[in-house]
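>>> Turn this into a model:
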Amino acid sequence: MRKINGFKAYDIRGKVPGELNTELAYKIGRAYPKYIDAKDIVVGYDIRKSSVEISEALIKGLNDSGVNVTNIGLCGTEMVYFATPHLNADGGIMITASHNPPEYNGMKFVRKDSVPVGYSSGLNEVEQMILENNFSEVKVEKGNVTDVDVMDDFINNLNQFYDVEKISPFKVVVNGGNGCVGLALNAIEPKLPIEMIKVFNEPDSEFPNGVPNPKIEENRKPTIEAIKEHDADLGIAWDGDYDRCFFFDEEGNFIEGYYIVGLLAKSILKNHPGENIVHDPRLVWNTLEIVNQRGGKAVESKSGHAFIKEKMREVNAIYGGEMSAHHYFRDNAYSDSGMIPFLLILQLMSEENKSLA
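Numbers count the residues shown, from 1 in each chain. Down below sits the predicted model:
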């Protein structure tokens, strides 16, 4: 069976223009809505240089298929996950290569209600449609494009996950890595009682301070230095499309992801005792101990966002976490978020009057 190089297990991702280009983006726009039978699709994109031209080609393909597009513009992946059900769209596409180098780009796909579409759950079919030029005819009555700013709605939707009255006036280093999260941090900053010390907050397609990937040890140095310089209470750094966030304590120590899964489970079970918590199979002792202590039920899933989300829906889990720093929330369309963990950890530290250390 023939394959297209950029089609991966969970998304499309590759170098531009060799593996992803405007021609392929247009064909994806022709094939994807036919596969999911969509009339309305949300499109967003990250800060990469190629994102605008790829989004324009994708949107043309969607419109030629008779699909109406809601273009939410420059955003994080979780904003597409939010906007798709919020706007009652049939699907969503986020143009991003997350933490990959600048020459890469990609796409992440969801159906209605932000149910993920990966290779085994539909992208393989889209791939074959493209290889066989199996598209519907270009519609005489093409779809339209509506530009919508959902930032305020997105920020307001986060209110359900935390209580601002219970957050202490911490001094917090926030490192956006010149990705997209700076826009969301600017929007939520007036609502929080904390002092934000912003590092690399401006979106910049050149990634002048390195690829926004805090998993790489050398990329943690600016966050650690800012924590020590400003005597901050903690630090948080995000990847490029801010569906993952990473924590540092007041001494600048990096907190491994499996500890954060346990802390988030603890935070959620305080207000929702007895709920199911889904976790991946790696380094689970901390999560199991906390979930059992808090009266929850721990449910194991295979690693990977498609498996975690599927298991969460199956058992109606309130939260799912992976040590890779992906955190999923039932009331967030079972989708991963880099903003909700940030808020929940702030509140947990405040309520318990304890540092991350």
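
>>> Tell me who's in contact with the closest residue to Leu283 other than its chain neighbours.
Closest residue in space to Leu283, ignoring its immediate chain neighbours: Tyr258 at 4.2 Å, by C-beta to C-beta, 6 or more residues apart in numbering. To be clear about C-beta, it is placed using only N, CA and C from the backbone, and glycine gets the same treatment. By C-beta atoms under 8 Å, 6 or more residues apart in numbering, the residues touching Tyr258 are Arg282, Leu283, Val284, Asn286, Thr287, Met323.

>>> Quick one, which of those residues are buried?
Val284, Asn286, Thr287, Met323 (16 or more other C-beta atoms under 10 Å).

>>> Who does Thr146 form a beta bridge with?
Thr70 (DSSP bridges).

>>> list the contacts for it?
Applying C-beta under 8 Å, 6+ apart, we find Thr146 in contact with Asn68, Val69, Thr70, Asn71.

>>> ok, the closest residue to Phe7 other than its chain neighbours to Ile41 distance?
Spatial nearest neighbour of Phe7, chain neighbours left out: Glu127 (5.0 Å); criterion: C-beta to C-beta, 6+ apart. With the distance defined as C-beta to C-beta, to the nearest Å, Glu127 ends up 18 Å from Ile41.

>>> cool, Val126 as well?
Counting by C-beta to C-beta - Val126 and Ile41 are separated by 13 Å.

>>> what touches both of these two?
Tyr32.

>>> Those two - which one has more neighbours?
Ile41 (28 against 25; other C-beta atoms under 10 Å).

>>> before we move on, the earlier item: roughly how far is the helix or strand harbouring the residue nearest to Leu283 from the heart of the chain?
Assigned by DSSP states H and E, Tyr258 falls within helix 257-271. Centroid displacement of helix 257-271 relative to its chain, using C-alpha atoms, centre = their mean, to the nearest Å, is 19 Å.

>>> Give me the pLDDT for the closest residue to Ile59 other than its chain neighbours.
Spatial nearest neighbour of Ile59, chain neighbours left out: Val69 (5.1 Å); criterion: C-beta to C-beta, 6+ apart. In this prediction, Val69 carries a pLDDT score of 98.

>>> Run through the residues that contact Val69.
Asp40, Ile41, Val42, Val43, Ile59, Leu62, Asn63, Gly143, Asn144, Val145, Thr146.

>>> Am I right that the fourth one falls within a strand?
Yes: when the secondary structure is assigned by DSSP: H, G, I helix; E, B strand; the rest coil, Val43 falls within a strand.

>>> correct me, but it touches Thr70?
Yes: Val43 is in contact with Thr70 according to C-beta atoms under 8 Å; the separation is 7.2 Å.

>>> joint contacts of those two?
Common neighbours of Val43 and Thr70 (C-beta under 8 Å, 6+ apart) do not exist.

>>> With neighbour numbers in mind, choose between those two.
Val43 (27 against 21).

>>> Report the separation between that one and Tyr81.
Val43 is 13 Å from Tyr81, by C-beta to C-beta.

>>> same thing with Glu189?
From Glu189 to Tyr81 the distance is 22 Å (C-beta to C-beta).

>>> Name the residue in these two with the higher neighbour count.
Tyr81 (28 against 14).

>>> And the pLDDT for the more buried one?
So, for Tyr81, pLDDT stands at 98.

>>> wait, doesn't it sit right on Ser114?
Yes: Tyr81 is within contact range of Ser114, at 4.6 Å (criterion: C-beta under 8 Å).

>>> which residues are common contacts for those two?
With C-beta under 8 Å, 6+ apart, Tyr81 and Ser114 have common neighbours Gly92, Ala333, Ser335.

>>> Between those residues, which sits nearest Ser168?
Ser335 (28.1 Å; C-beta to C-beta).

>>> where does this protein dip in pLDDT?
1 (pLDDT under 70).

>>> repeat that for 80
Low-confidence segments of the chain (pLDDT under 80): 1, 283.

>>> Report the contact partners of Asn100.
Asn100 touches Arg13, Gly106, Val211, Gly240, counting by C-beta under 8 Å, 6+ apart.

>>> What about these, which one has the most neighbours?
Gly240 (28 neighbours).
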